[in-house]
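Engineer: What would the 3D arrangement of this be:
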Amino acid sequence: MPLISPIPILIVDDEADLRELLVEALQDQGYAAEGAEGGAQALALVQQKHFPVVFTDLNMPGGLSGLELLRAIREADPQTMGILMTGYATTESAIQALKRGAYDFIQKPFKLAEIEASLERALEHYRLRRENEEYQENLERMVEDRTKEITGLKNDIERLFEGFVNASVTAIESRDPSTSGHSSRVADLTVGLAEAVNSTPNGPYGSLLFNPIQLREIRYASLLHDFGKVGVREQVLVKAKKIEGERLESIYQHLHQRSLEAMRDSLLEAWSKGNSFDHETVGALLAQQLEQTRHLMDLVRRSNEPTVLPQEVALELNHLQDLTYQHWTGSRRTLIEASELDLLKITKGSLSESEREEIQNHVTHTYRFLKQIPWTSELADVPAIAWAHHERLNGKGYPRQLTDLDIPVQSKLMAVSDVYDALTAADRPYKAAVSVERSLEILEQEAKVNLLDTEVLRIFIEAGIYQRTIGWGTVKP
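Structural biologist: Below you'll find the model as predicted:
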């Protein structure tokens, strides 16, 4: 507390003459000096008001001694400066006085000038201590305010990241509404799997422990693992069949036109030979042509599905390559283009090699995008974790064909979650949902051929992590 004039000073001495002399002398100097004849009275005054400096005699008959009084005052008002007065000064008594909290030690008899000098030193020390305490209090307030500011900024940054991540997920899913919820489910599964790894005391990952920051890093990487799909053409991203839209309609139309042309040519040839046709014969000929056309259309339709293409169907497709139709210009045109025939011959799925490569490039697009974000040092591995989620232990993943030791553990966790959710996700245009039981069997098969991590999959199954998203945009068990 600051010094305000007149400054209160307390004189404690059982000798009334000396006590009153000192009180009057200090009052003449402008101080608000008061006297007390013993320790009890002095303590009562100290408890009522603050005295920056207290002079006390060492030996006072009855009650508290000067040393005991200093200790009691220090407990009642630690800011008070104590000065001990005694006519029996010894080195030991001086040391004890300083230990009990005395600021100074004056030997009787003394001159008034010694009292004044000691008082000035004590008050100067008092001022310095108060200024230092005020500085410390201000500093603590400044630190507290700064800490609150930094904490608020940190919270703002975290909310910004959360908002950015959520907006990014929305952008991903807007490209392909059929995959809605995939990123969130993969994040939930992967974080749950990481927490299960933390609870596994033995095995290859027994010593691994993901802290809360690392779990958040895994969550962000999982939520954003497919962000690169925003750079993939929509017709490739959501491609349900090998050939779609106008191209498929055109093939069907050409097949139908070819049927009519064959019918026309048969009639013209017969008429040129003088033959006539009754309704029954024409009907039979028309039925024959239509049956052949339906067969070819059915061949195209079956081949166009993204399921595994039977070998016999693939061989039969070769019959389509020589078929032609008459263009409106009169020229003959190939009924089905070589590129379209190649698409129909895709053995599994709906994507050509170039389209599959375009889809796979989404991982690199994700990495390049995430690398542009100024992640904090704690979240710096988000891009790398997302980049490797399609890598496989045997080197047959993409995009870098990494092998076991080069794949981050977090990416191995995400790989299991990603494959599982892709299998169990509700029906999509290009695939049917797979049951939970069958999906787990497929995961085990992939682990056996060193595609997925066996230990990670074991924890995934034994800890029941796969159950976290059952019914949440996925099939029932």
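Engineer: Please count neighbours and contacts with C-alpha atoms only from this point.
Structural biologist: Noted.
Engineer: quick one, strands of this protein?
Structural biologist: Using DSSP state E, the strands found in the chain span residues 8-12, 32-36, 53-57, 81-86, 102-107, 324-326, 332-334.
Engineer: So which of those is nearest K229?
Structural biologist: Closest approach to K229 among the strands of the chain (Cα to Cα): strand 332-334, 35.3 Å.
Engineer: So which residues make contact with stretch 207-223?
Structural biologist: Outside stretch 207-223, the residues that touch it by Cα atoms under 8 Å, 6 or more residues apart in numbering are 165, 169, 183-184, 186-188, 190-191, 194-195, 197-198, 201, 378-379, 381-383, 385-386, 410, 414.
Engineer: Also stretch 392-404?
Structural biologist: Outside stretch 392-404, the residues within contact range by Cα under 8 Å, 6+ apart are 360-361, 363-364, 388, 390-391, 405, 407, 449-453.
Engineer: next one: stretch 439-454
Structural biologist: So stretch 439-454 is in contact with 392-394, 396-397, 412, 415-416, 419-420, 423-424, 457, going by Cα under 8 Å, 6+ apart.
Engineer: Looking at those, which one is closest to P61?
Structural biologist: Where the contacts of stretch 439-454 are concerned, and distances follow Cα to Cα, P61 has its nearest neighbour in K412, at 84.5 Å.
Engineer: surely that closest one meets V456?
Structural biologist: Yes: K412 lies in contact with V456 (Cα atoms under 8 Å); the separation is 7.4 Å.
Engineer: what about those two, which has more around it?
Structural biologist: More neighbours sit around K412 than around the other of K412 and V456, counting by other Cα atoms under 10 Å; the figures are 25 against 22.
Engineer: Which residue ranges of the stretch 351-477 of the chain form helices?
Structural biologist: Under the criterion DSSP state H, counting those that start in this stretch, the stretch 351-477 of the chain contains helices at 353-360, 362-371, 382-387, 409-424, 436-448, 454-462.
Engineer: what does the stretch 51-200 of the chain give?
Structural biologist: Shown for the stretch 51-200 of the chain, the helices assigned by DSSP H, counting those that start in this stretch span residues 66-76, 91-99, 112-175, 182-198.
Engineer: hang on, the earlier thing: any chance of the strands of the chain in a markdown table, plus distance to Q253 and mean pLDDT?
Structural biologist: As requested, the strands of the chain are arranged in a markdown table below (distance: least, Cα to Cα, whole Å; pLDDT from 0 to 100):
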| stretch | distance to Q253 | mean pLDDT |
| --- | --- | --- |
| strand 8-12 | 111 | 95 |
| strand 32-36 | 114 | 94 |
| strand 53-57 | 110 | 92 |
| strand 81-86 | 107 | 88 |
| strand 102-107 | 109 | 84 |
| strand 324-326 | 10 | 86 |
| strand 332-334 | 13 | 88 |
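Engineer: highest average neighbour count across these?
Structural biologist: Relative to the other members of the strands of the chain, strand 53-57 carries the highest mean neighbour count by mean count of other Cα atoms under 10 Å, namely a mean of 27.
Engineer: Pull the residues that contact that one.
Structural biologist: Contacts of strand 53-57 from elsewhere in the structure, counted by Cα under 8 Å, 6+ apart, are 8-14, 65-66, 80-86, 119, 122-123.
Engineer: do the same with stretch 331-341
Structural biologist: The set of residues external to stretch 331-341 that reach it, using Cα under 8 Å, 6+ apart, is 243, 251, 254-255, 317, 320-327.
Engineer: Just the buried residues of the residues you listed.
Structural biologist: Among these, those scoring as buried are I243, I251, H254, L255, L317, L320, T324, Y325 (criterion: 16 or more other Cα atoms under 10 Å).
Engineer: Sort out which one of those residues lies nearest A44 for me.
Structural biologist: Proximity of these to A44, judged by Cα to Cα, is greatest for I243, which lies at 100.3 Å.
Engineer: Just list the residues touching the closest one, thanks.
Structural biologist: Each residue near I243 by Cα under 8 Å, 6+ apart is listed here: N304, E340, L343, L344.
Engineer: Among those, give me the pair with the biggest separation.
Structural biologist: Maximum distance among the contacts of I243 (Cα to Cα): 10.2 Å, for N304 and E340.
Engineer: Those two: which is more packed in?
Structural biologist: Here N304 and E340 are set side by side on neighbour count (other Cα under 10 Å), and the busier one is N304, at 22 against 15.
Engineer: What distance do you get for the more buried one to T334?
Structural biologist: Here N304 is placed at a distance of 19 Å from T334 (Cα to Cα, to the nearest Å).
Engineer: got it, and K273?
Structural biologist: If you measure K273 against T334 using Cα to Cα, the figure is 29 Å.
Engineer: Then I385?
Structural biologist: Going from I385 to T334 by Cα to Cα gives 48 Å.
Engineer: so how many other residues sit close to V143?
Structural biologist: Residues contacting V143 under the criterion other Cα under 10 Å number 12.
Engineer: Looking at the helices of the stretch 351-477 of the chain, which is nearest to T151?
Structural biologist: With distances scored as Cα to Cα, the stretch of those nearest to T151 is helix 382-387 (22.8 Å).
Engineer: other SSEs contacting the closest one?
Structural biologist: helix 212-223, helix 362-371, helix 409-424 (3 or more Cα pairs under 8 Å, 6 or more residues apart in numbering; DSSP states H and E).
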